[in-house]
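Student: pasting a predicted model and its sequence here:
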Amino acid sequence: MNSQPLLPRWEHFEHEADIGIRGIAPTLEQAFEQAAIAMTAAVTNLDLVSPSKVISISCEASDNDMLLASWINELVYEMSTQGVLFNRFEVIIDEDTLSAIAYGEAVDPQKHQPAVEIKGATLTELRVYQQADGTWVAQCVVDV
Amino acid sequence: MDTRQFIQRDETCWEIKATGRMRVPAVIYADAQLLEAMDRKVYEQLANVATLPGIVDAAYAMPDAHWGYGFPIGGVAAFDPDQGGVVSAGGVGFDISCGVRTLQTGLTMDQLQTHKQALADALYRTVPAGVGSRGRIHLNHDSMHGMLTGGAQWALEQGFGEEQDLERIEERGCMAGAEARYVSPKARERQKDEMGTLGSGNHYLEVQRVAKIFDHEVAKVFGLRVDDVVISIHCGSRGLGHQIGSEFLTDMAMAAAKYQISLPDRELACAPLNSPLGKQYLGAMRAAINCALANRQIITHLTRQAAETVFPGIHLGLLYDVSHNTCKVEQHMIDGQKKSLYVHRKGATRAFGPGHPDLPEQFSETGQPVLIGGSMGTSSYVLCGTKDGEQRSFSSACHGAGRAMSRSQATKRWQGRTLVDELAARGIIIRSPSMRGVAEEAPLAYKDVSVVVDVADRAGLARKVAKLEPVICIKG
C-alpha cells in the first residue's frame, strides 16, 4: 500500500496583484529549486528556455524563510543584470548558506514572449516548512 | 467585506475603530459596493499599519485599495519623528516613485487619425519596452551619481528635455535629501543600462484622446479640451528601485527586534525615522525617486523624438508628473498644530489642493493635476487636488484601477492576439513585445477605474476634471 514517492513539483498560488510561487519536494534543496522554476514560469513558458548558460549563485540568511527570499532575490538580480531566464537549478544548502548553479539562456523577446519582469521577493506568504509527510514546501509572493 | 464591521462616517468614509494595539483608527474611502468587493486583507493590513509607532491621525485606504505587502496598496499613513515615528520599505513599495506623466501634444483627434499607425510604430521603435529591454544610455560611476542626486534636473542637463518641464514635475524634478552612498552596488548594476526604459507588467506609454470634460474652468487652466490628444507615461524607478525595495525590506524585517518594534506582521518591516537604518533607507529611497523622475524625463525626450518624425515641428509640453509610491516629508495640521510628517503613499497619488505652497503658480487656484491611469484599453482620468483632501487623507487620492483578478486567471480567460484584434476593432492600437503580457493585462482583469474615480471625487479626495480614452498603447 505504499504511496508513490513524491516527485519535486512547483505551482503558482493566487495573489490579487502579483504571483505566488511554491516549490514542493522531498528535500529542502529541491523545494528551493522548484520555487525558482515557478518564478521562471511566471515570466515565460519553461519549455521555451534552453539551459545553455550556467551561472553560480550563493547567498546566506539566518533562517530558511529569509534564505528563500535571498535566493529568489539573487536570481532576480542575475536575470536582470545578465538578461537571462533560468529553467534548471542545482541547490545545496549548508545550514544558513545556499550555493547553487542555475542553467538558462539569454532572453529573446521573440522566442520567450516574457510576460512580466520580476521586481523582487516579498515577505508575503513567505514560508519554508516541512509537512507531516516529510515533504518540504518553499513559497513566497513575488512582485511583478 | 462586511460593511457592518465599520462605523460609516458618511457615504464614502468607513472607519475601523482603534482597538487592541491600534494607536489610531483606520479609515477606508469607498462606497458600499467597492467596500463589499474589497479584499478582507485590506482591513487586516490597514489595522496593522495603525499599530505602528508614531502614526498620527489615522491609517487611510483609497477607493482602489487592495492586498499589498504589509501596507495595503492604496494605503496612506503619516508618521511623526518626534513620537518615535517609523519609515517602512513596504509602505513605499518595490517600484519606488512609480508614477504617471502626461504630455500635451497640441494635436486634435482629426489631425492624429490618419497618422495613428505611423505614430504607434515610431513610439514602439523609439521607447524601449518589455522584459530585458535596454536603454541607449550607459551610466558610469559619475553619471550614476549625478542621476541619483539630480533626477529629472540631471536628465535635463544631459540634453533630455526642456527647462520649463521642471516646474511641471513634483519636487521640480529633483528630490532633495537623496544620498547616493546608500544605494548598493547591486542596485546600481541593475540600473546602469535601464535608463529610459518602460519596463513591463502594468507599465505603458499611451496616446489618449480627451473624451470628456467635467470641470471646464480647471480643464482650461490644465489646457485640456475635448478631442485633444495627450500622451501618458506610466513607469517607475526600474531595477534600481526594485533592488533598493528588496534589500531594505529584508534589512528592516531583520532589524525590527533590535529597534524593539513588535510587528503584527513581518511584512510591515520598518525602522525608526531617527535610526541609522531609517535614515539610510530615506537617503536611498529618495535617490530612487530621482531615478524614476530621470527615467520619465528621458522617456519624454524619446517620445518627443518619435512624435517629431511623424509630426515635424510638434511640441510636447508637460501637463504634470506625479508619483504614487513614495514617502515624503510634508507639513500637515494635526490638532491645530503644524507638524512635519513623513507621509507614506503606497499606490496613492499626492493631491495638493488650491493654495498649497509647493504648487507651481499656474495651479495655485486649481490644485495640482492628479493623474490616474487606467488599464490597457480603458479610460484614464485627470483630477485636481482639493482643499478638503488635506483634512481627509493628507492630500492623497487613488492611483489607478487595481486588479480584479490574478494574472493566471487572466491568461486562462484571454489570448493576447485576440485582445489586440478586439481592441483594434475599437480603434485602439496595441504594440507589445509579449502577447502573454497583453493577456495578463486584459482590460477586464482590472476593476472599473471610473467607479474608483467617482468615489474619490464624491469623497472629496480630488475632483474630476477630464476623462481620457486610449488610442495607442505601448505595453511593456
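Tutor: All right, it came through fine.

Student: please count neighbours and contacts with C-alpha atoms only from this point.
Tutor: Will do.

Student: how about the stretch 351-476 of chain B: which residue is closest to chain A?
Tutor: B:Gly437 (3.9 Å; CA to the nearest CA).

Student: what about that residue, how many residues close to it?
Tutor: Using other CA atoms under 10 Å in any protein chain shown, B:Gly437 has 27 other residues around it.

Student: looks to me like it is in a strand.
Tutor: No: secondary structure assignment (DSSP: H, G, I helix; E, B strand; the rest coil) places B:Gly437 in helix, not in a strand.

Student: wait, what's in contact with it?
Tutor: With contact set as CA atoms under 8 Å, 6 or more residues apart in numbering or on different chains, B:Gly437 has these partners: A:113-116, B:201, B:416, B:476.

Student: relative to B:Ile28, how far out is the residue of chain A found nearest chain B?
Tutor: Here chain A gets closest to chain B at one residue, A:Ala115, 3.9 Å apart by CA to the nearest CA. Here A:Ala115 is placed at a distance of 33 Å from B:Ile28 (CA to CA, to the nearest Å).

Student: also A:Asp47?
Tutor: Counting by CA to CA, the gap between A:Asp47 and B:Ile28 amounts to 45 Å.

Student: of those two, who's got more company?
Tutor: Taking other CA under 10 Å, A:Asp47 and B:Ile28 do not tie; B:Ile28 has more neighbours (27 against 9).

Student: confidence score at that one?
Tutor: You'll see B:Ile28 listed with a pLDDT of 98.

Student: so it bridges to which residues?
Tutor: In this structure, B:Ile28 bridges to B:Trp14, B:Ala61 when assessed by DSSP bridges.

Student: still on that earlier bit, in helices, which of the contacts of B:Gly437 fall?
Tutor: The members of those that map onto helices under DSSP state H are B:Gly416.

Student: which of the contacts of B:Gly437 are buried?
Tutor: Neighbour-count burial (16 or more other CA atoms under 10 Å in any protein chain shown) applied to the contacts of B:Gly437 gives A:113-116, B:201, B:416, B:476.

Student: return the residues of chain B in contact with chain A.
Tutor: The interface of chain B toward chain A, taken as CA under 8 Å from any CA of the partner chain, is made up of B:66-70, B:94-95, B:130-132, B:186, B:189-190, B:199-201, B:239, B:242-243, B:246, B:249-250, B:266-267, B:402-408, B:433-438, B:440.

Student: distance check, the closest residue to chain A within the stretch 251-400 of chain B against B:Phe363.
Tutor: Taking CA to the nearest CA, chain A has its nearest neighbour within the stretch 251-400 of chain B at B:Glu267, 5.5 Å off. Here B:Glu267 is placed at a distance of 38 Å from B:Phe363 (CA to CA).

Student: so between those two, which is more surrounded?
Tutor: Ranked by neighbour count (other CA under 10 Å), B:Glu267 and B:Phe363 place B:Glu267 first, with 25 against 22.

Student: ranges for the helices of the stretch 101-250 of chain B?
Tutor: Counting by DSSP state H, counting those that start in this stretch, one finds helices in the stretch 101-250 of chain B at the ranges B:109-113, B:116-126, B:141-157, B:185-191, B:216-222, B:238-255.

Student: hey, which of these is tucked in deepest?
Tutor: Across those, the average number of neighbours (mean count of other CA atoms under 10 Å in any protein chain shown) peaks for helix B:238-255, which reaches a mean of 25.

Student: and the residue positioned nearest the centre of chain A, its phi and psi?
Tutor: With the centre of chain A defined as its mean C-alpha position, the nearest residue by CA atoms, centre = their mean is A:Ala36, 1.2 Å away. Here the main-chain torsion angles of A:Ala36 (degrees, to the nearest 10) amount to phi -70, psi -40.

Student: need the nearest residue in space to it, chain neighbours excluded.
Tutor: Counting by CA to CA, 6 or more residues apart in numbering or on different chains, A:Ala36 lies nearest to A:Ile72, which is 6.8 Å off, once chain neighbours are set aside.

Student: just for chain A, where's the confidence low?
Tutor: Counting by pLDDT under 70, the ranges of chain A that qualify are A:1-5.

Student: now with 80?
Tutor: Low-confidence segments of chain A (pLDDT under 80): A:1-5, A:16-17.

Student: so for the residue lying closest to B:Arg431 once chain neighbours are set aside, what's the pLDDT?
Tutor: Leaving aside its sequence neighbours, B:Arg431 sits nearest to B:Ile474 (CA to CA, 6+ apart; 4.9 Å). Per-residue pLDDT puts B:Ile474 at 96.

Student: partners of B:Ile474 in the sheet?
Tutor: Here B:Ile474, judged by DSSP bridges, has bridge partners B:Leu205, B:Arg431.

Student: you'd agree it is up against B:Ser432?
Tutor: Yes: A contact is recorded between B:Ile474 and B:Ser432 when judged using CA atoms under 8 Å, the distance being 5.9 Å.

Student: more crowded one of these two?
Tutor: More neighbours sit around B:Ile474 than around the other of B:Ile474 and B:Ser432, counting by other CA under 10 Å; the figures are 25 against 21.

Student: now list whatever residues contact both of B:Ile474 and B:Ser432.
Tutor: Shared contacts of B:Ile474 and B:Ser432, counting by CA under 8 Å, 6+ apart, come down to B:Ala129.

Student: which residues are in contact with residue 12?
Tutor: Using chain A here. For A:His12, the contacting residues are A:19-22, A:38, by CA under 8 Å, 6+ apart.

Student: switch to chain B, please.
Tutor: B:Thr12 neighbours (CA under 8 Å, 6+ apart): B:29-32, B:455, B:458-459.

Student: now it: how far from B:Asp454?
Tutor: Distance, B:Thr12 to B:Asp454, using CA to CA: 10 Å.

Student: and the helices in chain A?
Tutor: In chain A, helices defined by DSSP H lie at A:28-43, A:64-82, A:109-112, listed in chain order.

Student: tell me the most buried of those?
Tutor: helix A:28-43 (a mean of 25).

Student: who touches that one?
Tutor: By CA under 8 Å, 6+ apart, the list of residues contacting helix A:28-43 reads A:8-12, A:19, A:21-25, A:46, A:68, A:72, A:85-93, A:114-118, A:136-139, A:142.
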